[in-house]
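1. any chance you can model this:
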Amino acid sequence: MALPVSAADKLSSAIQKTQAGLKPRRRGLWLTLAVALVVVLVSGGIAGYRLLFAPLYKTAFLIDAAGGDLPSVVGALTAVAGNSGERDSQSLRSFGGECGAEDNTARLVGFGTGNQEEIAEAARSVRQGAKATLQRGILEAVGDFTTPWALKARQVNRIIVVTRHGEDACDTDSAFVRAQIRDRVAAAGLKIEFRFVGYQVEDTRGLTDLAASLQTQEPAFATSPDELRRHLDWFANVEPVLRSSQSVVNVLNPAVEKLNTATTAIRNGRFDVADAALTDARDAVVDLEIEDLDSRTGSSAHAVRLRDKAVRLRTLQTEVVAAAGTLIGSARSGEDLTDPLAGYSRAADAYNAEAGTMTKALTDLRVLGPGGRR
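-> Reported below is the predicted structural model:
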């Protein structure tokens, strides 16, 4: 039945109004979705950029400018900072001045890679301050890690403090000072390691107690410029070599040990256990650690030697994984296992021998550090 003209007109008008009302909402919905997609893509791009260019280490040098032999501190810092890894991001801050003064600590160089010469020049320009404002120096150094758009370290954030004073000169309540520092570190939301080098410190108890309260290594104390340089170089440049090398061993050794137990599982028909061990071994990746060692070979003989050993160990672990895969495949097919077992044993023996030499090299190097601990 046809509608009267007036009724048809009203119906057509109503439909047009309804469509007109929907279109802006649809456009608004699509606009919202487009904006959300752009935000996701940009955020993902920024996250990828930040990860790609993030330094392996972020090291803040904090030096005491309050009295004493400042030239020796500057000389040691200049030499040590110049031998850092290519991917290390470094900064420099000093402390020392009047209590309560705004300038009793100052950031001299912000975080960056390849800024060794800038750090050296800034260190040489430091002028001696009146009092050791150790607390404020450390608090502000922690804050330097949390500036807007700061790239987080992919491995380690750390503050290396070089001081000639065991305590803060402006606050005699040592417990309060330590609590303030702990609270600031917790508020930063980052894991920050501390290393303390005391130079010609008369009373070592305060600095030792501060290190203990921060649950870090005991301070290294030096009495001569040469000893100061050795300790500072150890923390800044040798310790990262040890850490990355030890990490290679800690990742690869357990994976190979699991494969060794997989041979017993194969004999018992437990292919699920063997497959799980093989998957874990394939997932044992040490590329980041070797990348860090690579970045240190330009200025460290220790890094060259241990990088070569780490690469060799990774290669041998890959061969063990391949031999284990062949062994599991042969067992699953019901083939004779004499040759696959012999091939696996040769690969495992070669890996274990190299792992032993690398462990010994790490032990020998560790003895050279402050305290000579194995």
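2. show me what contacts the closest residue to R195 other than its chain neighbours?
-> Take R195 and drop its neighbours on the chain: the residue closest to it by C-beta to C-beta, 6 or more residues apart in numbering is F235, 4.2 Å away. For every residue, glycine as well, the C-beta is placed using N, CA and C. Under the criterion of C-beta atoms under 8 Å, 6 or more residues apart in numbering, the contact list for F235 reads 160, 195, 197, 220.
3. distance of the last one from T78?
-> This means A220. 19 Å (C-beta to C-beta, to the nearest Å).
4. then the first one?
-> Relative to T78, I160 is positioned 14 Å away (criterion: C-beta to C-beta).
5. more crowded one of the two?
-> I160 (24 against 18; other C-beta atoms under 10 Å).
6. so that one bridges to which residues?
-> F61, R195 (DSSP bridges).
7. ranges for the helices of the stretch 51-200 of the chain?
-> For the stretch 51-200 of the chain, the helices defined by DSSP state H, counting those that start in this stretch cover 70-81, 116-124, 134-143, 174-188.
8. in the protein, which spans are strands?
-> Using DSSP state E, the strands of the chain run over 57-64, 88-95, 105-112, 156-163, 192-199, 220-222.
9. quick one: which of those strands is nearest R127?
-> strand 88-95 (9.0 Å; C-beta to C-beta).
10. okay, the strands of the chain in TSV with mean pLDDT and distance to S333 next?
-> Listed next are the strands of the chain as TSV, based on pLDDT from 0 to 100; distance: least, C-beta to C-beta, whole Å:
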stretch	mean pLDDT	distance to S333
strand 57-64	96	48
strand 88-95	96	50
strand 105-112	96	56
strand 156-163	95	47
strand 192-199	96	51
strand 220-222	97	59
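11. give me the below-cutoff pLDDT ranges for the stretch 251-374 of the chain.
-> Along the stretch 251-374 of the chain, segments meeting pLDDT under 70 span 372-374.
12. if we can go back for a sec, out of the helices of the stretch 51-200 of the chain, which is closest to E239?
-> helix 70-81 (11.7 Å).
13. that closest one packs against which elements?
-> strand 57-64, strand 88-95, helix 116-124, strand 156-163, helix 225-233 (3 or more C-beta pairs under 8 Å, 6 or more residues apart in numbering; DSSP states H and E).
14. re earlier: now render the strands of the chain as CSV, adding distance to L306.
-> Formatted as CSV, the strands of the chain follow (distance: least, C-beta to C-beta, whole Å):
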stretch, distance to L306
strand 57-64, 16
strand 88-95, 17
strand 105-112, 26
strand 156-163, 17
strand 192-199, 20
strand 220-222, 22
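15. of those, which is nearest V74?
-> strand 57-64 (7.7 Å).
16. remind me what that closest one packs against, helices and strands.
-> By 3+ C-beta pairs under 8 Å, 6+ apart, strand 57-64 packs against helix 70-81, strand 88-95, helix 134-143, strand 156-163.
17. quickly compare these and say which is most buried.
-> strand 88-95 (a mean of 26; mean count of other C-beta atoms under 10 Å).
18. convert that strand to PDB, retaining C-alpha atoms only.
-> These are the backbone C-alpha positions of strand 88-95, laid out as PDB (Å, rounded to 0.1, in the frame of the first residue of the first chain):
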ATOM      1  CA  ASP A  88      78.900   2.800  28.100                       C
ATOM      2  CA  SER A  89      76.900   5.900  28.900                       C
ATOM      3  CA  GLN A  90      78.800   8.000  31.500                       C
ATOM      4  CA  SER A  91      78.100  11.200  33.500                       C
ATOM      5  CA  LEU A  92      80.100  13.300  36.000                       C
ATOM      6  CA  ARG A  93      78.900  15.100  39.100                       C
ATOM      7  CA  SER A  94      80.900  16.700  41.900                       C
ATOM      8  CA  PHE A  95      80.000  17.500  45.500                       C
END
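19. all set now, cheers.
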